[in-house]
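**Q** got a structure for you, letters missing:
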């Protein structure tokens, strides 16, 4: 397909997307993070974390009401970090239920059997019931982190001039240092999905000293190299001039309205629920056979918030280059910022952490096996765990919303945490 036809196709999809009303009776439909947490009987604290460049991040601390105040200070902090166009509630929406129960740090089969399957599938609630201090992070620009000390995201274009570099240099260390300061612990666990893992790989390569602060780092569907990613972004990045245009236009980027409108047209309008998931394919992968299709509408309202167009352009640049460079501003500006015409590369070989676990799958179209293999090779450190999901169909978003997510992902994550931490 040539570039003209591709652009025409994307435009026609956008223009013809229907606006059919397709409300859901699911109580989680359009629920906020606050509403999701409270609906399961948990409490929360909302913390506003200021980065060094003035962004204010909304981070939620999940509180199990059965844990008394004196005992809370002993719970190990774990950060859950969403991916590109994601939101913190991605870790809370897998299935209905998942109510708060008295904290029990045992992970044997008998103890886990007392937790119903929906609780096991929602990683955030599961960890809250296993005696962890769960912190749910939101990256700058999404609906829970649209604040700045001086900039207004609705009128100031400067607000949206950030790429993956800023998430690495500012957001990630700000969240880590704030939580460690609040809890008094010397280290925390970090579970990142997709771009939520990319930012940690970037931070550990740029600032290896953070390896003592992050123990363990569990990467779900890790994304770092993206040359083999099977996504519309990979093909769009090859359109001549498209990346320069995106860099010049800048501003915010949101797939939520487009995604949801297409979903309503293809799925709701036709009355065929099984077609709804097709609209998510360009963003989460092309095989969603493991997904609970009865909750597609819930997932669609949570997945696809807002980031910057530069963030998307940064992905495109790295797809085109075949490496993970810092943001490319053009030769002249690169010289001014980096002292060289080509942006520097994030050096994975500088990572010294031996507390990294990678959970990946062959069926992941966005975290391709060739790219994951290259990531592991270039880190040059022994992994805490290298786990390949034993289902060929397991795709990118299945790590969060598959019907059997506990069996294949969450159980592995808690096993890693339980052997790493002595709670």
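**A** Yes, it's here. Owing to the predicted nature of the structure, the values given are computational and were not obtained by experimental measurement.

**Q** Residue 151: how many residues sit nearby?
**A** 16 (other Cβ atoms under 10 Å). (C-beta placed from N, C-alpha, C; glycine too.)

**Q** is it fair to say it lies in a strand?
**A** No - per DSSP: H, G, I helix; E, B strand; the rest coil, residue 151 lies outside any strand segment and is coil.

**Q** what about the strands in this structure?
**A** For the chain, the strands defined by DSSP state E occupy 43-50, 55-63, 76-81, 132-137, 147-148, 188-193, 214-220, 252-254, 306-308, 356-360, 385-388.

**Q** Okay, helices next: where are they in the stretch 151-300 of the chain?
**A** For the stretch 151-300 of the chain, the helices defined by DSSP state H, counting those that start in this stretch occupy 164-166, 172-183, 195-206, 232-236, 242-249, 256-263, 281-284, 296-302.

**Q** name the helices or strands packed onto the shortest one?
**A** Same thing as helix 164-166. Other helices and strands packing on helix 164-166, by 3 or more Cβ pairs under 8 Å, 6 or more residues apart in numbering; DSSP states H and E, are helix 195-206, helix 309-321.

**Q** what does the first one rub up against?
**A** Contacts made with helix 195-206 from outside it, assessed by Cβ atoms under 8 Å, 6 or more residues apart in numbering, are listed as 80-84, 86, 139, 164-165, 167-169, 171-173, 190, 192, 210-211, 214, 217, 219-224, 324, 346-353, 375, 379.

**Q** Just the buried ones among the residues you listed, please.
**A** 80-84, 86, 139, 164-165, 167-169, 171-173, 190, 192, 210-211, 214, 217, 219-224, 324, 346, 348, 351, 353, 375, 379 (16 or more other Cβ atoms under 10 Å).

**Q** and residue 92, how many neighbours does it have?
**A** Residue 92, neighbours per other Cβ under 10 Å, totals 29.

**Q** Distance-wise, check it relative to residue 54.
**A** 28 Å (Cβ to Cβ, to the nearest Å).

**Q** next one: residue 167
**A** 14 Å.

**Q** got it, and residue 209?
**A** Residue 209 is 24 Å from residue 54, by Cβ to Cβ.

**Q** Then residue 31?
**A** 30 Å.

**Q** which one of these two has more residues nearby?
**A** Neighbour tally, residue 31 and residue 54, criterion other Cβ under 10 Å: the higher count belongs to residue 31, 19 against 15.

**Q** which ones are touching that one?
**A** 39, 89.

**Q** Could you give the bridge partners of the residue nearest to residue 323 when sequence neighbours are not counted?
**A** Closest residue in space to residue 323, ignoring its immediate chain neighbours: residue 345 at 5.4 Å, by Cβ to Cβ, 6 or more residues apart in numbering. Taking DSSP bridges as the rule, residue 345 bridges to residue 325.

**Q** Residue 345: neighbour count?
**A** So residue 345, with other Cβ under 10 Å, has 13 neighbours.

**Q** Correct me if wrong: it contacts residue 322.
**A** No - the criterion here is Cβ atoms under 8 Å, and residue 345 misses it with residue 322 at 10.6 Å.

**Q** Specify the residue positioned farthest from the middle of this protein.
**A** residue 332 (32.7 Å; Cα atoms, centre = their mean).

**Q** separation between it and residue 219?
**A** As judged by Cβ to Cβ, residue 332 and residue 219 stand 36 Å apart.

**Q** do the same with residue 101
**A** Distance of residue 101 to residue 219, given as Cβ to Cβ: 28 Å.

**Q** Spit out the contact partners of residue 340.
**A** Here residue 340 is in contact with residue 334 (Cβ under 8 Å, 6+ apart).

**Q** can you check the one 10 residues further on too?
**A** For residue 350, the contact set (Cβ under 8 Å, 6+ apart) comprises 204, 205, 206, 208.

**Q** Show me which of those residues is closest to residue 37.
**A** residue 204 (29.8 Å; Cβ to Cβ).

**Q** Nearest residue to the closest one in space, please, no chain neighbours.
**A** Closest residue to residue 204 apart from its sequence neighbours, by Cβ to Cβ, 6+ apart: residue 351 at 4.6 Å.

**Q** Please apply the same query to residue 93.
**A** In space, residue 93 is closest to residue 302, 5.3 Å off (Cβ to Cβ, 6+ apart).

**Q** Isn't residue 30 up against residue 301?
**A** Yes - with contact defined as Cβ under 8 Å, residue 30 counts as touching residue 301 (4.9 Å).

**Q** what touches both of the two?
**A** By Cβ under 8 Å, 6+ apart, no residue touches both residue 30 and residue 301.

**Q** Looking only at neighbour counts, state which of the two leads.
**A** residue 301 (22 against 14).

**Q** could you give me the average pLDDT of stretch 212-226?
**A** For stretch 212-226, mean pLDDT rounds to 96.

**Q** Thanks a lot, catch you later.
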